[in-house]
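Peer 1: Build the 3D model from these lines:
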Amino acid sequence: MKMMTPAWPQWRVQVCTTTIAGGVSEGPFAALNLATHVGDAPASVAENRRRLRETLRLPAEPFWLEQVHGCVVCAAAQPHGGAPVAADGALVTRPGVVAAVLTADCLPVVLADRRGRAAAVLHGGWRGLAGGIIEAGVAGLDLAPKRLMAWLGPAIGAADYEVGADVRTAFGERAQGAFVANARGRYFADLYALARLRLRDAGVTEIYGGGRSTLQDPDCFSFRRQAVCGRMATLAWIDG
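Peer 2: Got it, this is the predicted structure:
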């Protein structure tokens, strides 16, 4: 099982993003699909999630969300039973709890307290970024933003993410530098640049990661490359 991890000077909050490798799913979901909502066989997803827990020696089952491309952030809790919570971010403030979001081109954003006492994992699609998912994550941690650092996980790259004028308009004038017009009368959007702008506006200036493109990276699922596909997980938990 192959993972992506942040290169940042913080060690108590454990963070990683899965890749496609290491699971049992077949066809367009091969191999480590961790999502239950994409049409994969439930038994395969269950086995993939079991392997994930075993490989990472997770302290608990991740707190899986029903992601809705919004800006609601909730507290992760264990044990977690029943229907997933409809939210696009989860907060961790104690050991024994694992927060998670699922992506396949959208941007996973992890916030971590420099002292390793709290973290947030956020699902940053363009709607969530424009709507305030990052600001909601910073507010939910209830810490001075200068105490936080951020990691931008794998997302679709600026040269691959074509959007319409509605997306450009949604981010306002200050973000126009993150959009480049193309010959089709549309725009290429830089999710990483948009997230950095939002983080800095929220007071978070220590930012790591960014620069990959899930569409180009064969280790990643990409919805734009293959509409039917699996989902990767970005996880964070506090070492006990």
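Peer 1: Does Arg174 fall in a helix, a strand, or a coil region?
Peer 2: When classified by DSSP: H, G, I helix; E, B strand; the rest coil, Arg174 comes out as helix.
Peer 1: For it, give me its contacts.
Peer 2: By Cβ atoms under 8 Å, 6 or more residues apart in numbering, Arg174 lies in contact with Leu197. Placement of C-beta: from N, CA and C, glycine included.
Peer 1: measure it to Arg198 for me?
Peer 2: As judged by Cβ to Cβ, to the nearest Å, Arg174 and Arg198 stand 10 Å apart.
Peer 1: Check which element follows the helix or strand bottoming out on mean pLDDT in the chain along the chain.
Peer 2: Taking mean pLDDT, DSSP states H and E as the measure, the helix or strand of the chain with the lowest value is strand 85-86, at a mean of 94. Downstream of strand 85-86, the first helix or strand assigned by DSSP states H and E is strand 89-92.
Peer 1: from the chain's centre, how far out does that following strand sit?
Peer 2: Centre-to-centre, strand 89-92 and its host chain are 11 Å apart (Cα atoms, centre = their mean, to the nearest Å).
Peer 1: and that strand, which strands flank it?
Peer 2: strand 73-75 (parallel), strand 119-124 (antiparallel) (DSSP bridges).
Peer 1: next SSE after that strand?
Peer 2: strand 98-103.
Peer 1: any idea of the angle the next helix or strand after that next one forms with strand 98-103?
Peer 2: Moving toward the C-terminus from strand 98-103, the next helix or strand (DSSP H and E) is strand 107-113. Taking axes from the mean of the first three to the mean of the last three Cα atoms, to 10 degrees, one finds strand 107-113 and strand 98-103 inclined to each other by 160 degrees.
Peer 1: So which residues make contact with strand 107-113?
Peer 2: So strand 107-113 is contacted by 6, 8, 10, 13, 15, 17, 101, 118-125, 129, 133-134, 137-138, 141, 143, 147-155, 191-192, 195, 199, 204, 234, 236 (Cβ under 8 Å, 6+ apart).
Peer 1: Each with direction, which strands does that strand pair with?
Peer 2: strand 119-124 (antiparallel), strand 148-152 (antiparallel).
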